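Asks: Let me see the structure of the following:
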Amino acid sequence: MGDIKYKAVDFFCGGGGMTCGLRQAGINVIAGVDFDKDCKETYEFNNPESSFVLADITKLPSNYFTKKFGLQKDDNNLIFIGCSPCQYYSLINTSREKSLASKDLLIDFKRFIEYYNPGYVLVENVPGILSNRNSILPTFLEFLQEHGYNYIEYAVVDMSYYGVPQKRRRFSLIASRVGPVELPRKEAERRILRDYIGEANGFPSIIAGHRDETVFNHTTSALSPINLERIMATPHNGGNRLAWKDNPHLQVPCFIGKDKSFVDTYGRMWWDQPASTITTKFYSISNGRFGHPEENRGLSLREGATLQTFPRNYVFKTNSVGATAKLIGNAVPPEYARRLGLIINR
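Replies: Take a look at the predicted model:
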């Protein structure tokens, strides 16, 4: 790495996935900003040298970071990161009404770019921001170019080729007004599940509903008796619900006659493939292909965090399985963030 000490502000920081990865790349993340108070304790505990700013950026004054942290305008070594909530552009069905609030958060983010004129801008979002005809991305790109960001690279990347063992396709952008930039280099081979979880990787065999009271948090959601029967009837290593579709006791009523729809639901992952995309519901086998390849349960919280590439000692300071899974599933995988950081801090 060079001698320059880069610094960053992580907008929409959540539980700190991006901050964690950038810090691993030697970048000083001064602050993370989020309006979700449930992120605060986890972010601060794991990133003690970064300040958590509990705020809605639509109401945060543009000069806040100067007054609070002494940030200066036109700093070539300053990085602004905007990984805004993205329900509006998600390909997964969500309530459009609920997600409308997330549609224009990049516009709010660009207010701070305009005020501070940082050397670098990073954005991570769902692929739909590139394909949705109502996307504000074209407006955002035009804004960057008008403000001297002459070096812009962006693409939809499959993170399984970038050190993250899951099929996670995300829009990734890096922009600079300082000099040429590029996205991280794609690897020839994808990362696979076998190399990250399982007993050989320090995950003892457990049953559904297991509670791990240590910070390792190898905790799994309990299964109803019928769902336990379903996962037991699902073949190991990639099996799906079609194995028991003709069993009237096990078949899910809403799937009758729909053998080609939602086949991943209640399915098991494969050892030698990347995991399914880790969502905020990865602990639930009825929300996707989140069944363990051979144990009769869904993924544990620590398994989900590991597949998101959080360090094993990253502690999630939450009070429920759902709250922990939300922080994990919404995060930018730290390993991908680290690789982005190294593009700048070579």
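
Asks: ok now stretch 173-189, how far from the chain's centre?
Replies: Here stretch 173-189 is found 19 Å from its chain centre; the criterion is Cα atoms, centre = their mean, to the nearest Å.

Asks: For that stretch, the averaged confidence score.
Replies: Computed over stretch 173-189, the mean pLDDT rounds to 97.

Asks: Need the distance between the two termini of that stretch.
Replies: For stretch 173-189, the first-to-last residue distance is 22 Å (Cα to Cα, to the nearest Å).

Asks: For the closest residue to Thr279 other than its chain neighbours, give me its contacts.
Replies: The shortest distance from Thr279 to any non-neighbouring residue, by Cβ to Cβ, 6 or more residues apart in numbering, is to Gly329 (4.7 Å). Backbone N, C-alpha and C define where each C-beta goes, glycine included. With contact taken as Cβ atoms under 8 Å, 6 or more residues apart in numbering, Gly329 is in contact with Ile278, Thr279, Thr280, Lys281, Phe282, Gly304, Gln308.

Asks: Gly329: which element?
Replies: Using DSSP states H and E, Gly329 maps to helix 321-330.

Asks: Now do the buried residues in that helix.
Replies: By 16 or more other Cβ atoms under 10 Å, the buried positions in helix 321-330 come out as Val321, Ala323, Thr324, Ala325, Lys326, Leu327, Ile328, Gly329, Asn330.

Asks: what's the next secondary structure element after the lowest-mean-pLDDT helix or strand in the chain?
Replies: When the helices and strands of the chain are compared on mean pLDDT, DSSP states H and E, helix 96-99 comes out lowest with a mean of 50. Later in the chain than helix 96-99, the nearest helix or strand by DSSP H and E is helix 105-116.

Asks: strands paired with the next helix or strand after that following helix, and their directions?
Replies: Sequence order places strand 120-125 as the next helix or strand after helix 105-116, per DSSP H and E. Strand 120-125 pairs in its sheet with strand 78-82 (parallel), strand 169-176 (antiparallel), by DSSP bridges.

Asks: Beyond strand 120-125, next helix or strand please.
Replies: Next along from strand 120-125, by DSSP H and E: helix 128-131.

Asks: buried residues in that next one?
Replies: Buried residues in helix 128-131, counted by 16+ other Cβ under 10 Å: Gly128, Ile129, Leu130.

Asks: what's the answer for stretch 141-159, then?
Replies: Within stretch 141-159, the residues that qualify as buried are Phe143, Leu144, Tyr149, Tyr151, Tyr154, Val157, Met159, counting by 16+ other Cβ under 10 Å.
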